[in-house]
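> coordinates for the following, if possible.
(2 chains)
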2 protein chains.
Amino acid sequence: MKIQDTMGIKYDQFSTNRRILMGPGPSEVHPRVLNAMATPLIGHLDPQFLDIMDDIKSMVQATFDTRNNMSFVVSGPATTGMETCLINLLEPGDEALICINGVFGERMADMVERCGGVLKSVEAPWGKPIDPEDVRTALRSCKPKVIAIVHGETSTGVLQPLEEIAGLAKSVDALFVVDAVTTHCGVDLRMDDWEIDAMYAGTQKCLSAPPGLSPISMSYRATQAIADRKTKVQSWFMDLSLVQNYWAGSRRAYHHTGPVSAMFALHEAYRMVLEEGLENRYERHERNHLILKEGLEEMGLEFLVEEKYRLPMLNAVKIPDGVDDRKVRKQLLQDYNIEIGGGMGVLDGKIWRIGLMGESSSINHIHMLLSALKKIL
Amino acid sequence: MKIQDTMGIKYDQFSTNRRILMGPGPSEVHPRVLNAMATPLIGHLDPQFLDIMDDIKSMVQATFDTRNNMSFVVSGPATTGMETCLINLLEPGDEALICINGVFGERMADMVERCGGVLKSVEAPWGKPIDPEDVRTALRSCKPKVIAIVHGETSTGVLQPLEEIAGLAKSVDALFVVDAVTTHCGVDLRMDDWEIDAMYAGTQKCLSAPPGLSPISMSYRATQAIADRKTKVQSWFMDLSLVQNYWAGSRRAYHHTGPVSAMFALHEAYRMVLEEGLENRYERHERNHLILKEGLEEMGLEFLVEEKYRLPMLNAVKIPDGVDDRKVRKQLLQDYNIEIGGGMGVLDGKIWRIGLMGESSSINHIHMLLSALKKIL
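Numbers count the residues shown, from 1 in each chain, chains lettered A, B, ... in the order given. Here you go, the predicted model:
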């Protein structure tokens, strides 16, 4: 809203309602994290900031459950983490086997083609996990440098078992790339034990930090593949051979201006995760998922995904026949300040996506949503 | 600093000194902007957030002095703004004429090669502006699709006159791309009047918002060039044909999760710029530059750049013979909490870069720095 005056254009201060965030992210952010973010800035090469970066690097290692030295944070949303992993590992002509059962698998496939990779794919219907047998079959007719898969498909609510496919990747000497955007800090995920070579996450889901950064990690094998490249990475911004000098080099060389305030927030959010303890946090996400499930089933609502493959932090629920998706979500937002997500792509209008992520994974959130939904439906 | 305990790893809360930021950015951020950033989050597709995005789009237009419809903010640091402009306008095989007289011209040249462009360049020594005659000469032996130049070379302190080179670009029907990272909101810059086709800025300089976002704008000619592409943009994240659907499409389609908190901060920072008025803000930057200049010259310090080409917001000062660059900057930081910048590349150890940007462009900042420098030198 702007008002012309003699000095130029004036805009009103923005105003927002206090929303209850139960969609696919961003989740709610604890006041401790908001306060940390509002700390007056220091320089992005200030020794005090480099100490904070060192902490964060070690927090990424702790929460990814990895000892990988190349563990840090990309200065962009989770999508830049995805793109960073793929374009650094692939050179033009390299084969990549992408597992596709939702929006984010499709996005990875698109990125492979854009960077000159040769796309091979294994698919499963949206709402079902990738079958390791299909990966085994696909590997008979290709020799991929990279096999990539989404751990928690945010578009469908599917939790993908990883270990068997990790073993298949290992057996053909492929690098195993995992999208942990939604599962990071919300469900068991062990980068080293499961032999994952490259992994990227988001901050705005179970970690409950604001969106805009992407923690990533690369195994020794992955860093070797990057060191052995014959061509430059197509993106200057995402070229890890440059970025790593800012995060890990002895001289901490300037690459880009680090997002100081967002990193302040991330530091405090990781602190809260580690204070709670990863196991406790996973258990909380699972427990609240089961409480929500019971409540939804009492109302006659059904899940899209078979029980054993459900993401605890993102509940994909079928919209009952005759119910108007957008009208219900609009009512939830307008009358109750509650945000839930709609379906994407082929699931648009067919499911709701109810997030119980990080700070938003609480019994009170469930009660607020179930009570409001009962009044509306 | 971490402490092992039974629940996992614990980290101390980070602690920072209250710094006086007088380097090449980030500049200081007003408490109003920090408070806005700490507003509890809302969803990145919430109608209230889309309103904020609409405001920001119009604020980018106002501060770029343009009516371009494709004016918005890239969700990454200014370097992603640079890369977004170049890779969307260039297709493999396209010629680009890059003007190089510092780090950021070099960076653009590197990006041109990475995206398959054919690099042509015009150079000037670091510390001097690009001579339009050299551009004219270069145009005799190439037919570039893009001519790109840095308005304020942060690595050297040079303010580049743009209008004559803009005219040359027009005369050969090339798209004129301008890096306004350091000059945005600090010195006169008129995108439409000067016929600039693509421009990107940073938030952490004269705009005094936290780093991590890049306002950009594309002229109608530039958007036509993007629409006429025969190949996909190499980056999924930076593909403007996708990004624009989130910012301007009638359905506001999901592309990536918008950096909600950073956008809250940006909205408030732009409000403060427009309250002050662009002309007043430019005049303040110029006035404070002259006061600093007088003080530095009284101390016998000399500028790197000839007077008429000096950036008011970034003062490149020669380090006197026998003075230890790093020792002085360390002392300023440790004893006075004042950050100034060192030189980059060939100017490492030879200059200091003193920023008077946005909130850091004030008489009190100048007094603090000059007094501290006098004690140290």
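
> what about A:N35, how many neighbours?
A count of nearby residues for A:N35, using other Cβ atoms under 10 Å in any protein chain shown, gives 14. Where C-beta positions appear, they are placed from N, C-alpha and C, glycine not excepted.

> before we move on, what about A:P161?
A:P161: 14 neighbours (other Cβ under 10 Å).

> repeat for A:N364
8.

> what of the one 4 residues further on?
Other residues near A:M368 come to 17 when the count uses other Cβ under 10 Å.

> wait, is it part of a helix?
Yes - using DSSP: H, G, I helix; E, B strand; the rest coil, the assignment for A:M368 is a helix.

> surely it meets A:I340?
No - A:M368 lies out of contact with A:I340 (Cβ atoms under 8 Å); the separation is 11.2 Å.

> which residue, other than its chain neighbours, is closest to the residue of the stretch 101-250 of chain A found nearest chain B?
Going by Cβ to the nearest Cβ, chain B is nearest to A:G212 of the stretch 101-250 of chain A, at 3.4 Å. In this structure, A:G212 finds its nearest non-sequential neighbour in B:P259, 3.4 Å apart by Cβ to Cβ, 6 or more residues apart in numbering or on different chains.

> state the distance from that neighbour to B:V74.
According to Cβ to Cβ, to the nearest Å, B:P259 and B:V74 sit 10 Å apart.

> cool, A:M272 as well?
Between A:M272 and B:V74 the computed distance is 29 Å (Cβ to Cβ).

> how about A:I42?
Taking Cβ to Cβ, one finds A:I42 at 24 Å from B:V74.

> so A:M272 and B:V74 - more neighbours on which side?
For the pair A:M272 and B:V74, the greater number of neighbours falls to B:V74 (25 against 18), based on other Cβ under 10 Å.

> bridged to that one, which residues?
When bridges are called by DSSP bridges, B:V74 pairs up with B:S214.

> near chain B, which residues of the stretch 151-300 of chain A show up?
Residues of the stretch 151-300 of chain A found near chain B (Cβ under 8 Å from any Cβ of the partner chain) are A:202, A:204, A:210-212, A:232-237, A:254-262, A:264-265, A:267-268, A:270-271, A:274-278, A:280.

> hmm, stretch A:22-41 in reach of chain B?
Yes - applying Cβ under 8 Å from any Cβ, one finds stretch A:22-41 in contact with chain B at A:23, A:25-26, A:28-29, A:34-41.

> buried sites along stretch A:56-72?
Residues of stretch A:56-72 classed as buried: A:56-66, A:68-72 (neighbour count, 16 or more other Cβ atoms under 10 Å in any protein chain shown).

> mind listing what A:G116 touches?
A:L90, A:E91, A:P92, A:G93, A:Q234 (Cβ atoms under 8 Å, 6 or more residues apart in numbering or on different chains).

> including neighbour count and pLDDT, could these go into CSV?
Below are the contacts of A:G116 laid out as CSV (neighbours: other Cβ atoms under 10 Å in any protein chain shown; pLDDT from 0 to 100):
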residue, neighbour count, pLDDT
A:L90, 27, 98
A:E91, 19, 98
A:P92, 11, 98
A:G93, 10, 98
A:Q234, 24, 97
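
> which one of those is nearest to A:Y309?
Using Cβ to Cβ, A:L90 is the member of those that sits closest to A:Y309, with 28.4 Å.

> contacting residues for the closest one?
So A:L90 contacts A:A96, A:V112, A:C115, A:G116, A:G117, A:K145, A:V146 (Cβ under 8 Å, 6+ apart).

> so the fifth one makes contact with A:I98?
No - with contacts counted by Cβ under 8 Å, A:G117 stays clear of A:I98, the gap being 9.1 Å.

> low-scoring stretches of chain A, by residue?
Low-confidence segments of chain A, defined by pLDDT under 70: A:1-9.

> can you list the domain ranges for it.
Following automatic domain parsing, chain A resolves into domains at A:20-27+A:279-376, A:31-274.

> which one of the ones you listed is the most hemmed in?
Ranked by mean neighbour count, the domains of chain A are led by domain A:31-274 with a mean of 22 (mean count of other Cβ atoms under 10 Å in any protein chain shown).

> elements contacting the longest helix along chain A?
If you go by DSSP state H, chain A has its longest helix at helix A:278-298. Packing partners of helix A:278-298 (3 or more Cβ pairs under 8 Å, 6 or more residues apart in numbering or on different chains; DSSP states H and E): strand A:314-318, helix A:363-376.

> can you measure across stretch A:227-234, start residue to end residue?
15 Å (Cα to Cα, to the nearest Å).

> now swap in stretch A:307-315 and tell me
11 Å.

> what's in contact with it?
By Cβ under 8 Å, 6+ apart, stretch A:307-315 touches A:24, A:128-129, A:152-154, A:157-161, A:182-183, A:186-187, A:205-206, A:285-286, A:288-289, A:292-293, A:296, A:303, A:305, A:316, A:353-357, A:361.

> just stretch A:118-137 next, same as before
Outside stretch A:118-137, the residues touching it (Cβ under 8 Å, 6+ apart) are A:93-102, A:105, A:109, A:112-113, A:138, A:142, A:144, A:147, A:149, A:155-161, A:164-165, A:168, A:304-306, A:309, A:316, A:345-347.

> in what helix or strand does A:L242 lie?
A:L242 is part of helix A:240-247, with elements assigned from DSSP states H and E.

> what's that helix in contact with?
By Cβ under 8 Å, 6+ apart, helix A:240-247 touches A:53, A:57, A:70, A:72-74, A:84, A:88, A:218, A:226-227, A:233, A:236, A:251-256, A:258.

> quick check: A:I56 vs chain B, distance?
9 Å (Cβ to the nearest Cβ, to the nearest Å).

> residues contacting that residue?
A:F72, A:V73, A:M263, A:L266, A:H267, A:Y270.

> nearest spatial neighbour of A:A62, skipping sequence neighbours?
B:I9 (5.3 Å).

> whoops, A:N101 was the one
Per Cβ to Cβ, 6+ apart, closest to A:N101 is A:A124, 4.1 Å.

> packing partners for whatever helix or strand A:L266 lives in?
With secondary structure defined by DSSP H and E, A:L266 is part of helix A:260-276. Helices and strands touching helix A:260-276, by 3+ Cβ pairs under 8 Å, 6+ apart, are helix A:31-37, helix A:47-64, strand B:8-11, helix B:260-276.

> rerun at 6 Å
helix A:31-37, helix A:47-64, strand B:8-11 (3 or more Cβ pairs under 6 Å, 6 or more residues apart in numbering or on different chains; DSSP states H and E).

> looking at the ones you listed, which is closest to A:F176?
Taking Cβ to Cβ, helix A:47-64 is the member of the helices and strands packed on helix A:260-276 nearest to A:F176, at 13.7 Å.

> report the contact partners of A:N280.
By Cβ atoms under 6 Å, 6 or more residues apart in numbering or on different chains, no residues touch A:N280.

> for the residue nearest in space to the middle of chain A, which non-adjacent residue is closest in space?
By Cα atoms, centre = their mean, chain A has its centre lying nearest to A:V181, at 1.4 Å. Nearest residue to A:V181, sequence neighbours excluded (Cβ to Cβ, 6+ apart): A:G202, at 4.0 Å.

> and the residue of the stretch 251-377 of chain A nearest chain B?
A:P259 (3.4 Å).

> now the helices for the stretch 101-250 of chain A?
With helices called from DSSP state H, counting those that start in this stretch, the stretch 101-250 of chain A shows them at A:103-114, A:132-138, A:163-171, A:220-227, A:240-247.

> need those in CSV with distance to A:F49, can you?
Below are these laid out as CSV (distance: least, Cβ to Cβ, whole Å):
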stretch, distance to A:F49
helix A:103-114, 31
helix A:132-138, 42
helix A:163-171, 36
helix A:220-227, 24
helix A:240-247, 11
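
> between those helices, which gets nearest to A:I376?
That would be helix A:103-114 among those, by Cβ to Cβ, at 26.7 Å.

> tell me the helices and strands packed up against that closest one.
strand A:95-100, strand A:118-123, strand A:146-150.
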